[in-house]
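Student: Fold the following for me, if possible:
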Amino acid sequence: MRQLKFYGMVRAFRTNMENDTLARMTSDELVSMLVESEWDDRNNRRIERQIRNARFRYKANVEQLHFDIERNLDKNQFMRLAECSFVQRKENLLITGSTGIGKSYIASAIGNQACTLGYKVLYANTSKLFSKLKMAKADGSYLREIAKIERQDLLIMDDFGLQGLDGSNRSILLEIIEDRHGIRSTIIT
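Tutor: So this is what the prediction gives:
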């Protein structure tokens with residue numbers, strides 16, 4: 001099992017050998033337990049990989065979010081957003097509000113939930129993203145970077161509008177929005 005890279009099966013088999021529960025299982029139950037363990041292990045590793053690749057600023061999740069009255073955040077609306085059906089419908093989301101109320105945290109929580117549901121997510125600070133893409137134009141990797149952004153089911157552009165957009169940044173933004181419109185979802189905070 002280890003040579004076949006069935007790490008979930010190996011772990012479950014060892015655990016059950018130590019607990020001596022294998023003797024009480026039928027062969028059907030044993031195979032079922034091993035396959036379920038492998039599926040769970042692979043699914044958990046996929047989610048961890050997607051969260052790592054998204055590069056979130058905050059380790060936020062839906063369960064940690066506070067719905068205080070001061071935040072003026074509707075729990076029902078947020079929970080509907082956390083289902084990520086807007087990603088499936090290829091819709092966009094704009095999160096606005098005063099400084100310090102947690103817009104980036106909310107976007108990270110939604111993005112984390114999207115990763116858990118199997119969507120590919122990229123979280124990026126807008127000014128850093130534009131700088132990276134300007135550098136990519138200079139070194140010839142621009143098309144590869146744009147293609148990477150385009151492949152993401154959900155792009156989170158955080159801190160949009162903190163700095164003014166020059167002509168190059170406007171062009172990059174237009175290209176990103178144009179490539180994603182009606183095809184993939186974007187969250188802008």
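Student: Any chance you could list what contacts stretch 159-174?
Tutor: By CB atoms under 8 Å, 6 or more residues apart in numbering, the residues outside stretch 159-174 that reach it are 104, 125, 126, 127, 130, 133, 134, 188, 189. All C-beta spots, glycine's among them, are computed from the backbone N, C-alpha and C.
Student: Try it again at 6 Å.
Tutor: 125, 126, 127, 130, 133, 188 (CB atoms under 6 Å, 6 or more residues apart in numbering).
Student: and what of stretch 122-137?
Tutor: Counting by CB under 6 Å, 6+ apart, residues outside stretch 122-137 touching it are 54-56, 111, 142, 145, 152, 155-160, 163, 169, 172.
Student: rerun that using 8 Å as the cut-off
Tutor: 53-57, 107-108, 111, 142, 144-146, 148-149, 152, 154-163, 165, 168-169, 172-173, 188.
Student: Local confidence estimate at the residue lying farthest from the centre of the chain?
Tutor: Going by CA atoms, centre = their mean, the residue of the chain most distant from its centre is residue 23, 41.4 Å out. On pLDDT, residue 23 comes in at 79.
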